[in-house]
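>>> Here's a sequence, model it:
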Amino acid sequence: MRSYAMTHAPIDTPHSDRVPPRRLLIGLGSLVLILMVGGAVSFVRYARTHAPNPRLVAVAPFDIFATPELDRWRVGLATALTERLNAAPLAAVPQTVVAATWRSAPSPEISAVELARQAGAGVAVYARVDSLPGKPDSVRVSLLAIDATTTKVIFGVLLRWPAADPDGLARSLAEHVRHNLAGRTFPS
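Model (predicted):
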């Protein structure tokens, strides 16, 4: 009778072709490290090429909480402000792009920041116009300029303005934006 142990070769021989587990772990660890470094380099390159342009301003449609006659200001003021901001050293996202991208949300300031990010702009401008109780000939205008990268408010403006002068309002708001962004450093 034959013995089973004698007819078969031992399973673990010192000269087998198996890779020792330690070498396998070192190889896999090295591969993971190389992939992580490659991913980090790729992310940094992507972030640099897709970073928001700090000179590009996205003006969100104005929120109008005033008399129905002023509802025409909603897009008109944003368009007029955009046109006045679209000159060196700033540039403005065209209102046609804004109209296609704008998604209103319960918090319009956040919507403005999302608009700026989607358009590649570094600055989001949100404004609202409110009626003044007992003053039908005047409106209160508040404007916020927000850094689209950090979501921090760069500056705010609060004005009382004659309701009959939307063009003058757009001009005044553009001057405020240009003046307050002039001190910011723009990387080349």
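
>>> Endpoints of stretch 92-112, how far apart?
The first residue of stretch 92-112 is 14 Å away from its last residue (CA to CA, to the nearest Å).

>>> Please give the element, helix or strand, for residue 78.
Per DSSP states H and E: residue 78 is located in helix 73-85.

>>> distance of residue 75 from residue 30?
In this view, residue 75 and residue 30 are 58 Å apart by CB to CB, to the nearest Å. Heads up, the C-betas are built off the backbone N, CA and C, glycines and all.

>>> These two: who's more crowded?
Comparing residue 75 with residue 30 by neighbour count (other CB atoms under 10 Å), the higher total belongs to residue 75, at 15 against 10.

>>> List the contacts of that one.
Residue 75 makes contact with 61, 62, 95, 99, according to CB atoms under 8 Å, 6 or more residues apart in numbering.

>>> can you rerun that using 6 Å?
Residues near residue 75 by CB atoms under 6 Å, 6 or more residues apart in numbering: residue 61.

>>> okay, it: pLDDT?
Note on residue 75: pLDDT of 71.

>>> returning to that earlier point: any buried residues in the helix holding residue 78, and which?
Judged by neighbour count (16 or more other CB atoms under 10 Å), helix 73-85 contains these buried residues: 73, 76, 77, 78, 79, 80, 81, 82, 84, 85.

>>> Residue 154 in helix, strand or coil?
For residue 154, the secondary structure call by DSSP: H, G, I helix; E, B strand; the rest coil comes out as strand.

>>> what about residue 71, how many neighbours?
Applying other CB under 10 Å, I find that residue 71 has 13 neighbouring residues.

>>> Likewise for residue 39?
Residues lying near residue 39 (other CB under 10 Å) number 10.

>>> now the strands for this protein?
53-59, 63-65, 91-92, 121-132, 135-147, 153-162 (DSSP state E).

>>> which stretch in these has the least confidence?
When I compare the strands of the chain, strand 63-65 is least confident, with a mean of 80.

>>> Summarise which helices and strands it is packed against.
The contact analysis (3 or more CB pairs under 6 Å, 6 or more residues apart in numbering; DSSP states H and E) places strand 63-65 against strand 121-132.

>>> OK, contacts around the most centrally placed residue in the chain?
Geometric centre of the chain, nearest residue: residue 117, 2.4 Å, by CA atoms, centre = their mean. Residue 117 is in contact with residue 148, counting by CB under 6 Å, 6+ apart.

>>> so what's residue 120 up against?
Neighbouring residues of residue 120 by CB under 6 Å, 6+ apart: 52, 53.

>>> hmm, 10 Å instead?
Taking CB atoms under 10 Å, 6 or more residues apart in numbering, we find residue 120 in contact with 50, 51, 52, 53, 56, 58, 93, 97, 148.
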